[in-house]
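S.K.: fold the following, please.
(chains A, B, C and D)
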Number of protein chains: 2
Amino acid sequence: MSGSVTIIDLARELKISPSTVSRALRDHPAIKDQTKVMVQELAKKLGYQPNALALSLLYRKTNNIGIIVPEITSYFFSSIICGIQDVLDPEGQHAVISQSNESYETEKKGIDTLLSSRVDGFLISSTFDTTDYSHFEKLRQNNIPLVVFDRDCEGLIADKVLVDDYDGACQAVEHLISMGCKRIAHIAGPKNLSIAEHRKNGYIDTLKKHNIAVDEDLIVQSQFFQMEDGIEPAKRLLSLKDKPDAIFAVNDGIAIGSLSVLRENKIKVPEEIAVIGFDNDPFSSFSYPSLSTIDQPTYEMGMLAARILLKAISSPEEEREFRHEVLKPELVVRDSSRRK
Amino acid sequence: MSGSVTIIDLARELKISPSTVSRALRDHPAIKDQTKVMVQELAKKLGYQPNALALSLLYRKTNNIGIIVPEITSYFFSSIICGIQDVLDPEGQHAVISQSNESYETEKKGIDTLLSSRVDGFLISSTFDTTDYSHFEKLRQNNIPLVVFDRDCEGLIADKVLVDDYDGACQAVEHLISMGCKRIAHIAGPKNLSIAEHRKNGYIDTLKKHNIAVDEDLIVQSQFFQMEDGIEPAKRLLSLKDKPDAIFAVNDGIAIGSLSVLRENKIKVPEEIAVIGFDNDPFSSFSYPSLSTIDQPTYEMGMLAARILLKAISSPEEEREFRHEVLKPELVVRDSSRRK
DNA sequence: CTGTTAGCGCTTTCAG
DNA sequence: CTGAAAGCGCTAACAG
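M.R.: Below you'll find the model as predicted:
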């Protein structure tokens, strides 16, 4: 920032006015070619860089988009971010990423910070323990567009891009049933998280549809979504007198953690217990056995959310309809659930 | 941005001057308590948020730090970013992340964009094909601090936080030798990448140190760092008449990809071929067999780089010494290299 | 074709 | 204790 060249520097050097320099740089039609060339050459020579700050202040538009995600270390969220950036970049928009670390307070603080820095809009996937949405409502009151993605905030009025988790879970369980599994367990995700609830509901409803009794013992819960978080739940399932013959895990991380427990206990997968995850994380095709899963269109979700946001930003504030997009996930069968 | 409350709004409402409002909000001693309370209450009521843009323009300091990484989807870089953010956040500094996607052009464009947005400093890990460092030199000429991390730019004068890749490779190969391996192969990383070169050199020198002939056939190269990129190189190694009895892979991704090839070929790991990776990615302890690796202090590297940058930003420009920190990696032995 | 002026939101002298 | 004015870098009327 220190030694940056300004338009005024160029003007002084060339003994013309700043406005002429400004116009010359932006190729304004009412400027002599000769002047343009002169200005542009000097600008290049001195390494002039327009000050985006000044522009943003003037136009009340920063071309910055605030993104708030629970974490960036998972492939799931980082690939969504890639989708977002691939839409924003060509439009000259920039992503400003903030991690909430699954903390409601951090999420709230992130919003305030981004608000202070005057981002033009928000893309948010909320935390586990976000139940109060007033910090999101505030955005709408300030006419700042918000697109919620992946994790639904039920009751919140906003654009939304979600995945049909219920349907994904149904596909997973249908698949296990079609493979002949009778006692299908579910390692559910954290309570109060819409996606986890939907997956669990899909699991339960599919069992019922096939007249399979829902055994509460077969539903255990994981604390988070990492591989190590799958260990405890899997051990609990193995400690049952009447063991399951399949596990539908809330995500691939948990599924991989479970696989390691099954391996330790010399349980054959899929012969004794079949396993299926959710996400199609890259490592799922390299685990042993390779993991069946439900593919989520993360990259597409990011792109779609970003497109909707950009449209909202450039639309007249009134008479906008809120969009509610639901993407379809897709079953990917691999060795962990394939009867041979 | 649209309907934001400004200091002028508050002033008008209270029929006092903007400067008084400004002082009251910043708790200036020369302001009557009564006025302060009045102002602060109205500010709260109307949801006043200081405009960071205006402040940045005024103070010529944005409190934004530009981060440029090859990609964010790998755990390696995303955990470095976490370390960076955990240092920046408490200091009221914000990370602005840009992905170069291993493209020199994108990296250059990223710098220009961030320069335009007037970040106070840069944290950069450069791409494969960055050989020309003039875009980095430019920063120093503009007095914008830069800290290079992980991937060294040899010859560039800048603060650096690196990992001793050479030493890590030595540890890996020493370990394999101590396990009795005689024909140790190396799957090297992309050419022209300092870290990959250093690891390869560590590999070669350790063999020499133990009077083991370096067999060029046993050194193959991977194109990138993903799991699938390990498949081809591993197959090439298996096609040798005289097969290796160990593989030292340039990173965990490649090692995991190799494991899948070995599994397919029913080769026992570690009995027939031992495998060791580099990075200590979370999945490495959940692969089968669990993967021995060299742990890199990614989070610490991010924190240290950020601390050095903040110090550089707040230091007088002259008489700064450039720091050159080299962190030590650490051997983590797991099943893939443990003779039982 | 070019210059002058005002103002985006804020703070900070300098005057009262 | 408070207000008026200037300026951070830039652009867009409005004049010439």
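S.K.: does stretch A:187-194 come close to chain B?
M.R.: No - judged by Cβ under 8 Å from any Cβ of the partner chain, stretch A:187-194 makes no contact with chain B; its nearest approach is 15.2 Å. In short, each C-beta sits where N, CA and C put it, glycine included.
S.K.: go ahead and confirm A:I308 touches A:V161.
M.R.: Yes - counting by Cβ atoms under 8 Å, A:I308 does reach A:V161; the two are 6.6 Å apart.
S.K.: quick check on the two: which one has the bigger neighbour count.
M.R.: Neighbour count, other Cβ atoms under 10 Å in any protein chain shown: between A:I308 and A:V161, A:V161 has more, with 27 against 22.
S.K.: chain B contacts on the stretch 151-300 of chain A?
M.R.: Counting by Cβ under 8 Å from any Cβ, the residues of the stretch 151-300 of chain A close to chain B are A:226-227, A:256-257, A:259-260, A:263, A:282-283, A:285-288.
S.K.: next, work out how far apart A:D167 and DNA strand C are.
M.R.: Look at A:D167 and DNA strand C: by Cβ to the nearest atom of the strand, to the nearest Å, they are 45 Å apart.
S.K.: kindly report the same for A:E102.
M.R.: 31 Å.
S.K.: A:L42 belongs to a helix?
M.R.: Yes - assessed with DSSP: H, G, I helix; E, B strand; the rest coil, A:L42 lies in a helix.
S.K.: what's near enough to touch it?
M.R.: Residues near A:L42 by Cβ atoms under 8 Å, 6 or more residues apart in numbering or on different chains: A:10, A:13-14, A:48.
S.K.: let's have these in JSON lines, adding pLDDT and neighbour count.
M.R.: Shown next, in JSON lines, are the contacts of A:L42 (pLDDT from 0 to 100; neighbours: other Cβ atoms under 10 Å in any protein chain shown):
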{"residue": "A:L10", "pLDDT": "90", "neighbour count": "24"}
{"residue": "A:E13", "pLDDT": "87", "neighbour count": "14"}
{"residue": "A:L14", "pLDDT": "90", "neighbour count": "15"}
{"residue": "A:Y48", "pLDDT": "91", "neighbour count": "19"}
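S.K.: could you list which of these also contact DNA strand D?
M.R.: Counting by Cβ under 7 Å from any atom of the strand, A:Y48 from those sit close to DNA strand D.
S.K.: rewinding a little: which of the residues of the stretch 151-300 of chain A next to chain B sit farthest apart?
M.R.: A:R263 and A:P282 (20.2 Å; Cβ to Cβ).
S.K.: what's the closest of the contacts of A:L42 to DNA strand D?
M.R.: A:Y48 (6.9 Å; Cβ to the nearest atom of the strand).
S.K.: verify the stated contact: the closest one with A:E13.
M.R.: No - at 10.7 Å, A:Y48 and A:E13 do not qualify as touching, with contact defined as Cβ under 8 Å.
S.K.: still on that earlier bit, what do A:I308 and A:V161 both touch?
M.R.: Residues touching both A:I308 and A:V161 (Cβ under 8 Å, 6+ apart): A:147, A:323, A:325.
S.K.: list buried residues within those residues.
M.R.: In the shared contacts of A:I308 and A:V161, burial by neighbour count holds for A:V147, counting by 16 or more other Cβ atoms under 10 Å in any protein chain shown.
S.K.: ok, the shared contacts of A:I308 and A:V161 vs A:E102, which is closest?
M.R.: In terms of Cβ to Cβ, no member of the shared contacts of A:I308 and A:V161 lies closer to A:E102 than A:V147, at 20.0 Å.
S.K.: hang on, the closest one in a strand?
M.R.: Yes - A:V147 forms part of a strand when assessed by three-state DSSP.
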